[in-house]
Each structure stands twice: as structure tokens, then as C-alpha cells.
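Student: I would like to see how this sequence folds:
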Amino acid sequence: MTADPTRCVTCGDEAVTARVVALRGGDAVIEVDGTRERVAIDLVPDARPGDTLLCHAGIALSRVEAAAR
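Tutor: Numbers count the residues shown, from 1 in each chain. Predicted coordinates:
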């Protein structure tokens with residue numbers, strides 16, 4: 001079985017890439033298809049506006065480099 005890096009290995013839900021539009025406290029405001037949401041950035045504490053993050057269940061899991069988008 002090959003792991004799909006866009007899906008959660010424990011529940012099967014799909015992670016999404018999202019652009020950071022702002023930082024608020026310990027969270028980032030991300031935007032996907034015109035919809036904004038706050039996500040925790042504990043795992044990506046150096047996230048900045050303009051970054052693209054891989055997010056799942058309200059948590060930013062990692063930064064996505066430009067070549068991987």
C-alpha cells in the first residue's frame with residue numbers, strides 16, 4: 001500500500017493546500033477558493049502571509065514548497 005500524502009492516514013480525509021492571508025495570535029487565516037478559515041500553526045510556527053500550507057482538521061501540517069504545488 002502506498003501512502004497518499006494528501007490524505008490523513010488515520011481517518012482517510014483529504015488534506016488541502018491553502019494560502020496564508022493573515023496571522024492572528026497563534027493561528028493563521030487561510031484562504032481556499034475564496035473561503036477563509038483559521039487554522040492552528042503549532043506545527044508550522046514560522047508560517048507567514050503568502051505561504052502555502054497543507055491543512056487538515058483545522059491544523060496546518062506543513063509548508064508546501066512552490067515546486068510541489
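Student: All the strands of the chain, residue numbers only.
Tutor: Counting by DSSP state E, the chain has these strands, from start to end: 16-24, 27-32, 35-40, 52-56, 59-63.
Student: mind checking which of the ones you listed is nearest D46?
Tutor: Comparing the strands of the chain against D46 with C-beta to C-beta, the closest turns out to be strand 59-63 (8.3 Å). Any C-beta I mention is one placed from the backbone N, CA and C, and that applies to glycine too.
Student: For that closest one, buried residues please.
Tutor: By neighbour count with 16 or more other C-beta atoms under 10 Å, strand 59-63 contains the buried residues 60-61, 63.
Student: Mean neighbour count, the strands of the chain: which tops it?
Tutor: Burial of these is given as mean neighbour count (mean count of other C-beta atoms under 10 Å); strand 52-56 ranks first at a mean of 20.
Student: And it, how far out from the chain middle?
Tutor: When C-alpha coordinates are averaged (C-alpha atoms, centre = their mean, to the nearest Å), strand 52-56 and its chain have centres 1 Å apart.
Student: can you check stretch 44-62 too?
Tutor: Counting by C-alpha atoms, centre = their mean, stretch 44-62 is centred 4 Å from the centre of its parent chain.
Student: can you list contacts of it?
Tutor: Contacts made with stretch 44-62 from outside it, assessed by C-beta atoms under 8 Å, 6 or more residues apart in numbering, are listed as 6, 8, 13-23, 28, 30, 37-43, 63-64, 66, 69.
Student: cutoff 6 Å now
Tutor: Outside stretch 44-62, the residues that touch it by C-beta atoms under 6 Å, 6 or more residues apart in numbering are 8, 15-20, 28, 39-41, 43, 63-64.
Student: Quick one: end-to-end distance for that stretch.
Tutor: 6 Å (C-alpha to C-alpha, to the nearest Å).
Student: quick one: low-confidence ranges for this structure?
Tutor: Residue ranges of the chain with pLDDT under 70: 1-12, 67-69.
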